[in-house]
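J.: below are the sequence and a predicted model for it; my questions follow.
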Amino acid sequence: IGFRPGEAGHHEAQKPVDLLRALIELCCPVGAIVLDPFAGSGSTGVAAIEAGRRPLLIERDPALVRVIEARLASTSAP
């Protein structure tokens with residue numbers, strides 16, 4: 001499972017949203033909280049929202065927090 005067009009490049013350890021979504025759907029019931037204590041660029045949060053779960057993200061880098069906020073603002077639930 002690879003990156004969507006324009007998705008990559010936010011963080012050096014970024015994972016594809018589609019991969020994270022598949023794992024979240026496999027392991028977490030709809031409506032569950034998905035915790036990511038090292039949120040990076042927020043891919044887990046995007047995947048959680050798209051999968052109908054609630055993300056709880058923690059990130060200490062203010063620049064990445066702004067990236068996360070922008071990505072989550074443009075993500076919609078199913």
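T.: Now that the structure is in, tell me what you want to look at. Since this is a predicted model, take the numbers as computed values, not measurements.
J.: all strands for this protein, in order.
T.: Shown for the chain, the strands assigned by DSSP state E span residues 33-36, 54-57.
J.: can I get the CA coordinates of the first one in PDB?
T.: Extracted as PDB, the C-alpha positions of strand 33-36 are listed here (Å, rounded to 0.1, in the frame of the first residue of the first chain):
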ATOM      1  CA  ILE A  33     -10.400   6.200  20.200                       C
ATOM      2  CA  VAL A  34      -7.100   5.800  18.300                       C
ATOM      3  CA  LEU A  35      -4.100   7.000  20.200                       C
ATOM      4  CA  ASP A  36      -0.900   8.200  18.500                       C
END
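J.: what lines up beside it in the sheet?
T.: Sheet pairing of strand 33-36 (DSSP bridges) gives strand 54-57 (parallel).
J.: show me what the partner strand is in contact with.
T.: Strand 54-57 is contacted by residues 31-36, 39, 42, 44-45, 48-49, 68, 72 when judged by CB atoms under 8 Å, 6 or more residues apart in numbering. Glycine gets a C-beta too; all of them are placed from N, C-alpha and C.
J.: swap in 6 Å and give it another go.
T.: For strand 54-57, contacts defined as CB atoms under 6 Å, 6 or more residues apart in numbering pick out 33-36, 39, 45, 48.
J.: now find how far off-centre it is within its chain.
T.: Distance, stretch centre to chain centre, for strand 54-57: 8 Å (CA atoms, centre = their mean, to the nearest Å).
J.: list the buried residues of it.
T.: 55, 57 (16 or more other CB atoms under 10 Å).
J.: let's see it as PDB, backbone CA atoms only.
T.: Taking C-alpha atoms only, strand 54-57 is exported to PDB below (Å, rounded to 0.1, in the frame of the first residue of the first chain):
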ATOM      1  CA  ARG A  54     -11.800   9.200  16.900                       C
ATOM      2  CA  PRO A  55      -8.100  10.200  16.900                       C
ATOM      3  CA  LEU A  56      -6.200  11.300  20.000                       C
ATOM      4  CA  LEU A  57      -2.900  12.700  18.700                       C
END
